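# Would you be able to build a 3D model of this:
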Amino acid sequence: MSLLRILSFFILLISIYSINQWSKYPIGNTSFWWILDAIILFIFIKIKNPIFGNKKRKNVFTIKLYLFWISICLIRGLFVAENYWEWKNLIGMGMVLLLPLAVNMSSNERIIQTILATWVKFALPSFFLFLPFFIYGDAIGRYLVPISFLLLFFPVIQNKWKILIISFSLFVLLSDLAARSNIIKFIVPFIFSVLYYFRLFLSVKFFELIRLLLCLLPICLFYTGITGIFNVFKIDEYIGEEFTTTSIEVGEKVEQNLKVDTRTFLYIEVLSSALKNDYYWFGRTPARGNESASFGSIALEELKTGKMERFSNEVSILNIFTWTGVIGVVLYFFIFYHSSYLAINKSNNFIIKIIGLCVTFRWAYAWVEDFSLFDLSNIFLWIMIGMCYSVRFRAMSDNDITIWIRGVFDKRYHFIPKIDYDKSVRNNAPLY
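Numbers count the residues shown, from 1 in each chain. This next block holds a predicted model:
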């Protein structure tokens with residue numbers, strides 16, 4: 001069996017892991033999923049990618065620099081971990097931080113096409129088998145992450161598959177209005193995809209403006225928040241009207257306020273912990289978490305760690321800051337900034353520009369919510385980033401990428417387009 005087939009099968013298993021925490025019948029244990037994650041990371045490194053491998057790799061220096069810093073943080077963690085739970089967090093979150101290795105394989109269009117085709121063929125029908133027993137609330141959107149990815153290609157997908165994608169997307173949106181993250185992560189890709197219909201009227205400068213706004217917006221909002229000028233999470237202070245909905249949690253209906261601020265106190269705890277313990281530059285390594293008055297009692301009393309800490313938070317950027325410091329956050333930012341720049345300014349097709357916008361959106365959303373998990377959401381994030389870095393994907397014409405995405409649903413479109421790189425350079429900015 002080829003590494004690609006093994007990887008495609010393991011991605012199917014990751015679909016199950018992505019909803020395991022909502023399951024009444026959890027599948028596997030920590031050791032099982034760790035072994036699976038480790039094998040996937042190994043395949044990311046070993047899988048052959050001759051197309052990308054034969055081209056200049058200077059564009060991925062941001063990934064290499066980030067992974068180098070992650071490696072240093074993991075090595076430091078070996079000397080920081082003091083108990084079972086800290087070792088467990090070091091291993092588990094360490095593998096999450098190594099997910100950028102996926103860029104090696106996600107720059108190859110045949111690999112991504114095969115992974116998507118396998119998921120559509122097997123995981124999508126299985127959704128209905130899991131639905132009565134496992135899936136409710138947030139789990140629905142977590143399982144259907146590849147559908148949100150396919151929404152980026154919506155304008156160039158065949159009509160019968162458009163209907164299917166829209167149907168599953170509507171199911172996510174209407175199943176639980178309290179699952180705000182799912183709703184946002186499905187609506188935004190669709191909005192970006194609509195830009196394709198106006199491609200004749202939209203310039204690169206338009207895309208570049210949106211890209212820069214999404215890159216800088218969270219930093220600006222962070223500044224206004226800590227200075228007390230404006231806190232975007234306290235939206236209830238600016239909108240008086242009530243917005244409530246009913247969601248299902250552990251089989252029970254729960255009323256939730258959609259405007260409730262669930263993030264400000266996390267930022268306060270994480271930043272206060274970093275300043276108090278003087279690890280804001282280099283991070284605390286994935287072996288440790290931030291001091292937390294809200295959740296630390298779990299580690300102190302139930303896990304018996306002797307420390308009032310929370311190992312990870314719902315906000316991705318807070319985890320990266322805690323584990324890798326300001327240095328890690330800056331390096332992480334440059335990955336999103338550089339990959340989206342290449343996608344928008346150095347691509348020969350419109351879809352990759354749209355994917356570049358989605359990548360910058362995920363950077364901005366990392367300041368709101370994005371769990372640090374080895375799940376479909378993070379795997380497809382790095383697939384998108386890899387596509388932005390890929391000379392092969394960026395050199396495709398609109399027609400090439402249309403045929404490529406249709407190959408996910410129809411074997412007749414399975415092919416590797418012959419790309420004339422010199423022609424691509426003449427038609428657009430240099431791909432490098």
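# Doesn't I187 lie inside a strand?
No - residue state for I187 (DSSP: H, G, I helix; E, B strand; the rest coil) corresponds to helix; a strand is not indicated.
# you'd agree L101 is up against K46?
No - in terms of C-beta atoms under 8 Å, L101 does not count as a neighbour of K46; the distance is 10.3 Å. For glycine as for every other residue, the C-beta is placed from the backbone atoms N, C-alpha and C.
# quick one, which of these two is more surrounded?
Using other C-beta atoms under 10 Å as the criterion, L101 and K46 rank with L101 on top: 20 against 11.
# ok, the nearest residue to the more buried one once chain neighbours are set aside - contacts?
In this structure, L101 finds its nearest non-sequential neighbour in F44, 4.2 Å apart by C-beta to C-beta, 6 or more residues apart in numbering. Taking C-beta atoms under 8 Å, 6 or more residues apart in numbering as the contact definition, F44 lies against 101-102, 104-105.
# A38 versus F44, what's the distance?
Separation of F44 from A38 (C-beta to C-beta, to the nearest Å) stands at 11 Å.
# host element of I210?
Using DSSP states H and E, I210 sits in helix 204-226.
# gap between that helix and the chain center?
Centroid separation between helix 204-226 and its chain, computed with C-alpha atoms, centre = their mean, to the nearest Å, is 18 Å.
# G228: neighbour count?
The burial count assigned to G228 is 7, neighbours taken as other C-beta under 10 Å.
# gap between it and L275?
If you go by C-beta to C-beta, the gap between G228 and L275 works out to 17 Å.
# now the strands for this protein?
Using DSSP state E, the strands of the chain run over 244-249, 252-257, 290-291, 309-310.
# Show residues contacting the third one.
Counting contacts by C-beta under 8 Å, 6+ apart, the residues outside strand 290-291 that touch it are 269-270, 272-274, 276-277, 284, 307-310, 313, 318, 322.
# partner strands of that strand, parallel or antiparallel?
Take DSSP bridges as the rule and strand 290-291 pairs in its sheet with strand 309-310 (antiparallel).
# Give me the distance from the partner strand to the chain's centre.
The chain centre lies 23 Å from the centre of strand 309-310; the measure is C-alpha atoms, centre = their mean.
# ok, residues contacting stretch 190-198?
151-156, 169, 202, 350-351, 354, 357-358, 361.
# what about burial for the residues you listed, which qualify?
The neighbour-count test (16 or more other C-beta atoms under 10 Å) marks 151-156, 169, 350-351, 354, 357-358, 361 as buried among these.
# In CSV: those residues, plus pLDDT and distance to S292.
Formatted as CSV, the entries for those read as follows, by pLDDT from 0 to 100; distance: C-beta to C-beta, whole Å:
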residue, pLDDT, distance to S292
L151, 98, 36
L152, 98, 36
F153, 97, 41
F154, 97, 41
P155, 97, 45
V156, 96, 46
S169, 95, 35
F350, 96, 45
I351, 97, 42
I354, 98, 38
L357, 98, 34
C358, 98, 32
F361, 98, 28
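# Give me the residue ranges of this protein where confidence is low.
Within the chain, the stretches falling below the threshold (pLDDT under 70) are 1, 48-58, 134-136, 235-259, 261, 413-432.
# Of all the residues in the helix holding I210, which ones are buried?
Residues of helix 204-226 classed as buried by neighbour count (16+ other C-beta under 10 Å): 207-208, 210-211, 214-215, 217-218, 221, 225.
# and what of stretch 394-409?
Buried, per 16+ other C-beta under 10 Å, within stretch 394-409: 394-397, 400-409.
# same check, this time on stretch 8-18
8, 10-11, 13-18.
# which ones are touching F333?
Taking C-beta under 8 Å, 6+ apart as the definition of contact, the neighbours of F333 are 215, 363.
# I misspoke; the intended subject was V329.
Contact analysis of V329 by C-beta under 8 Å, 6+ apart lists 317, 320-321.
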